[in-house]
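>>> Only the shape, not the letters, is given here:
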Ligand SMILES: Nc1ncnc2c1ncn2[C@@H]1O[C@H](COP(=O)(O)OP(=O)(O)OP(=O)(O)O)[C@@H](O)[C@H]1O
């Protein structure tokens with residue numbers, strides 16, 4: 001913006017209103033000015049300009065005539081912006097005291113404004129690094145800016161009036177520009193400088209009067225393009241990473257408006273087809289429609305901190321979410337929410353809670369955990385297994401679950417029972433390895449009154465009888481002695497039992513589910529397991545894969561266990577995404593049971609509201625983690641003996657520390673059956 005003060009000129013010639021023409025001419029001549037101001041009683045009342053003087057001189061006989069002066073004059077505060085007024089040719093500037101500080105003709109003002117604008121325009125173009133050349137229709141250079149001089153390495157004085165067409169090396173016909181065409185992104189060179197830019201016709205009053213070439217040095221231009229390309233690639237890479245992640249990334253502004261949705265679009269969360277329907281919508285409206293609960297964005301904004309929680313969706317899904325507020329210069333800019341669907345995709349979960357009768361039977365049976373054990377998973381492999389279990393649940397065939405220790409065979413067995421028509425009846429779990437051999441037969445099949453010394457006088461039904469109409473889960477089936485194997489085979493074939501010491505057969509309607517982490521076929525080869533029994537059990541074999549073969553489950557299981565433990569310890573804590581990442585990438589040799597133990601330890605030992613990556617690293621790999629002290633051996637002994645010795649020392653240590661075999665088994669990462677078997681061996 002330009003103000004009057006910047007362009008005012010000093011007043012040099014002043015004459016009285018009564019002065020004659022000759023006085024005016026003399027004064028103007030002496031002051032070397034083309035304008036004289038006319039005063040009356042000290043006030044400026046008009047002006048005389050050389051143009052008007054000449055007109056006056058043309059019509060008068062001599063110079064002793066009174067002057068004729070013009071009055072189209074206006075006083076303005078000299079700090080005001082320059083503007084034009086109707087019917088005014090001269091402006092007088094005045095300061096705050098009302099004193100006249102100078103004058104300007106409107107014509108001069110216009111000229112100076114144009115000059116200033118041109119200077120600004122030039123500054124802008126120079127600042128933008130753009131070279132500008134203007135030519136007339138004969139391609140003679142009329143204007144060149146500073147940047148063009150620098151880019152081309154040629155001075156303005158050299159270039160002005162030269163033929164631009166002759167200087168340029170270009171494979172486009174620039175005559176087309178003079179005919180009115182614009183040529184965009186044209187590469188050319190001058191003085192060995194590679195440039196790239198646009199040629200546009202220059203039009204004045206609709207007529208082409210020349211051309212304007214706006215250009216950049218090509219390498220600068222290419223650098224910029226490359227940078228753009230880089231960002232574009234980065235963006236598409238990120239999109240690809242997001243798309244292949246299991247997470248939905250939601251960006252919401254502080255008003256609750258959804259700005260972006262990336263990664264996996266959780267349809268079950270929104271009940272909408274695609275992200276387009278969500279973007280631009282308001283998170284509070286979605287909440288009001290009941291799409292999810294609670295509104296983590298709202299809570300994050302209110303609490304001004306990172307939050308993690310499980311959200312329930314309109315479709316009954318469970319979604320784990322972390323909301324992080326993002327600040328810019330102290331002001332909340334957005335909230336980024338990372339979400340993952342952690343719902344186990346089957347309805348088995350609801351059904352796996354033990355029924356009243358099952359609970360009762362369980363309490364009577366051998367050491368079993370009475371807790372509800374839902375089947376948590378996200379992986380495709382387990383999803384397929386669950387489908388298989390559901391199909392198999394419809395028939396009564398015997399199922400043999402195999403898989404490493406701690407993979408969840410028992411959880412699957414429970415799910416199978418719960419999905420079967422027998423779910424209202426008992427599921428009796430028998431840990432074949434945990435019952436002393438002398439007792440297993442009577443435990444399984446019961447005994448008659450007086451069957452053996454110490455036996456209950458009334459006799460007692462066995463676990464098979466208790467499982468009548470329900471299911472029996474024979475865990476660690478490989479631990480059965482050959483004697484009991486024969487008896488079991490008979491039950492499977494005849495569907496009846498004979499109590500120990502009894503003679504009558506008792507029919508039982510039981511669905512048999514067995515499990516083992518041993519290789520039964522190898523046991524058959526070694527003569528430790530009956531082949532005929534194996535075929536009876538192996539009607540429907542289902543292998544439960546170890547966690548390392550279904551890493552997608554780790555996430556959901558970790559969240560689930562944390563929730564469970566948090567409830568029982570009454571500690572509120574969440575996982576940071578980085579912590580979960582470490583858990584997901586760990587090779588879990590002890591499978592789900594080990595993961596469960598680690599999560600418990602993390603909850604109890606970590607500080608702060610979130611379990612951080614460092615906590616997980618410490619627990620998994622640190623001093624207190626897996627890298628335990630190596631056992632020391634000081635003398636040579638047969639390997640078998642050494643192993644047995646180490647085992648029994650470990651068990652002893654464990655028993656001292658925990659007291660129960662169940663807890664020791666967890667600490668040592670083996671099944672309780674293994675512990676009791678070893679204990680029995682030592683007692684023998
Ligand atoms: N999919 C799962 N969802 C929830 N919890 C699970 C799952 N799989 C395993 N667990 C938990 O992990 C622990 C070990 O599982 P489970 O006892 O079923 O394994 P297993 O294969 O029968 O082990 P073992 O061979 O040692 O008897 C249990 O506490 C169980 O509740």
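That came in fine, so what should we check first? Every value quoted in this text rests on a predicted model; they were computed, and no experiment measured them. Numbering: from 1, shown residues only.
>>> only C-alpha atoms for contact and neighbour calcs from this point on.
Fine.
>>> And for residue 590, nearest residue in space, chain neighbours not counted?
residue 669 (5.9 Å; C-alpha to C-alpha, 6 or more residues apart in numbering).
>>> What does the pLDDT read for the one you found?
Note on residue 669: pLDDT of 83.
>>> Name the secondary structure element that contains the residue in the stretch 501-650 of the chain that the ligand sits nearest to.
Nearest residue of the stretch 501-650 of the chain to the ligand (C-alpha to the nearest ligand atom) works out as residue 593 at 4.0 Å. If you go by DSSP states H and E, residue 593 is part of helix 591-605.
>>> Spell out which residues of the chain are next to the ligand.
Within the chain, the positions adjacent to the ligand are 373-377, 404-411, 517, 592-593, 670-671 by C-alpha under 6 Å from any ligand atom.
>>> how does it look with 8 Å?
373-377, 402-412, 475-476, 515-517, 544, 553, 557, 560-561, 591-596, 670-673 (C-alpha under 8 Å from any ligand atom).
>>> Select the helix or strand of the chain having the lowest average pLDDT value.
Least confident helix or strand of the chain, by mean pLDDT, DSSP states H and E, is helix 356-364 with a mean of 35.
>>> Give me the next element, helix or strand, following that helix.
According to DSSP H and E, the helix or strand after helix 356-364 is helix 380-393.
>>> In this structure residue 678 contacts residue 648, no?
Yes. If you go by C-alpha atoms under 8 Å, residue 678 and residue 648 touch, sitting 7.4 Å apart.
>>> re earlier: and the residue nearest to residue 590, what does it touch?
590, 593-594 (C-alpha atoms under 8 Å, 6 or more residues apart in numbering).
>>> next one: residue 294
311-312.
>>> quick one: it and the ligand, what's the gap?
25 Å (C-alpha to the nearest ligand atom, to the nearest Å).
>>> what's the angle from the helix or strand encompassing residue 410 to helix 380-393?
Per DSSP H and E, residue 410 falls inside helix 409-419. With axes from the mean of the first three to the mean of the last three C-alpha atoms, to 10 degrees as the basis, helix 409-419 and helix 380-393 are set at 50 degrees to each other.
>>> Identify the residues contacting helix 409-419?
With contact meaning C-alpha under 8 Å, 6+ apart, helix 409-419 is reached by 348-349, 351-352, 373-375, 389-390, 392-394, 401-403, 423, 427, 471, 473, 475, 513, 515, 544.
>>> The next helix-or-strand element following that helix pairs with which strands, parallel or anti?
Next helix or strand after helix 409-419 toward the C-terminus (DSSP H and E): strand 427-431. Under the criterion DSSP bridges, strand 427-431 sits next to strand 471-475 (parallel) in its sheet.
>>> any idea how far the partner strand is from the chain center?
45 Å (C-alpha atoms, centre = their mean, to the nearest Å).
>>> cool, stretch 95-104 as well?
Put simply, stretch 95-104 sits 65 Å off its chain's centre (C-alpha atoms, centre = their mean).
>>> who touches it?
Identification of contacts with stretch 95-104 by C-alpha under 8 Å, 6+ apart yields 7-11, 77-79, 90-94.
>>> if we can go back for a sec, least confident of the contacts of residue 669?
Among the contacts of residue 669, pLDDT bottoms out at residue 590, giving 86.
>>> Same question for stretch 505-518: list its buried residues.
Along stretch 505-518, these residues count as buried under the neighbour rule (16 or more other C-alpha atoms under 10 Å): 508, 510-518.
>>> what's the answer for stretch 127-134, then?
Those would be 129-134, for stretch 127-134 by 16+ other C-alpha under 10 Å.
>>> Would you format the residues you listed as a markdown table with distance to residue 201 and secondary structure included?
Listed next are the buried residues of stretch 127-134 as a markdown table, based on distance: C-alpha to C-alpha, whole Å; DSSP: H, G, I helix; E, B strand; the rest coil:
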| residue | distance to residue 201 | secondary structure |
| --- | --- | --- |
| 129 | 21 | coil |
| 130 | 17 | coil |
| 131 | 16 | strand |
| 132 | 13 | strand |
| 133 | 12 | strand |
| 134 | 10 | strand |
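>>> Closest one to the ligand out of those, please.
residue 129 (63.5 Å).
>>> pLDDT score for the closest one?
Residue 129 is given a pLDDT of 83.
>>> Next, find the distance separating it from residue 167.
21 Å (C-alpha to C-alpha, to the nearest Å).
>>> ok, now how distant is the residue most central in space within the chain from residue 310?
In the chain, the residue lying closest to the centroid (C-alpha atoms, centre = their mean) is residue 249, at 4.0 Å. Going from residue 249 to residue 310 by C-alpha to C-alpha gives 15 Å.
>>> now residue 567
14 Å.
>>> Looking at those two, which one has more neighbours?
Neighbours were counted for residue 567 and for residue 310 using other C-alpha atoms under 10 Å; residue 310 has more, 21 against 11.
>>> contacting residues for the more buried one?
318-321.
>>> quick one: which of these sit in helices?
Nothing among the contacts of residue 310 maps onto helices, per DSSP state H.
>>> Among these, which one lies nearest to the ligand?
Top of the list for closeness to the ligand, among these and by C-alpha to the nearest ligand atom, is residue 318 at 14.9 Å.
>>> Just give me the neighbour total for the closest residue to the ligand within the stretch 51-200 of the chain.
Residue of the stretch 51-200 of the chain nearest the ligand, by C-alpha to the nearest ligand atom: residue 185 (61.6 Å). Residue 185 has 13 neighbours, counted by other C-alpha under 10 Å.
>>> Run through the strands of the stretch 151-300 of the chain in chain order.
Secondary structure of the stretch 151-300 of the chain (DSSP state E, counting those that start in this stretch): strands at 169-170, 183-190, 193-204, 207-217, 248-252, 258-263, 292-293.
>>> Quickly list the domain ranges of the protein.
4-113, 128-222, 245-341, 349-543, 549-621, 639-683 (automatic domain parsing).
>>> picking up where we left off before, widest-spaced pair of the contacts of stretch 95-104?
11 and 79 (17.6 Å; C-alpha to C-alpha).
>>> tell me which element residue 560 falls in.
helix 552-569.
>>> Residues in contact with that helix: which ones?
320, 342-343, 376-379, 547, 572-575, 580, 583-584, 595-596, 599-600, 603.
>>> Show the buried residues in those.
320, 342-343, 376-379, 547, 573-575, 580, 583-584, 595-596, 599-600, 603.
>>> Low-confidence stretches in the stretch 101-250 of the chain?
Within the stretch 101-250 of the chain, the stretches with pLDDT under 70 are 233-245.
>>> same question, the chain
233-245, 343-372, 450-457, 622-636, 656, 659, 680-684.
>>> Where do the helices of the stretch 101-250 of the chain begin and end?
Using DSSP state H, counting those that start in this stretch, the helices of the stretch 101-250 of the chain run over 106-127, 146-152, 156-159, 164-167, 175-178, 218-244.
>>> which parts of the fourth one are buried?
Going by neighbour count (16+ other C-alpha under 10 Å), the buried part of helix 164-167 is 164-165.
>>> Contacts for it, please.
Contacts of helix 164-167 (C-alpha under 8 Å, 6+ apart): 135, 139-141, 174, 190-191.
>>> Just the buried subset of those residues, written out for PyMOL, thanks.
The PyMOL command for the buried members of the contacts of helix 164-167 (criterion: 16+ other C-alpha under 10 Å) is given here:
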select buried, resi 135+139+140+141+174+190
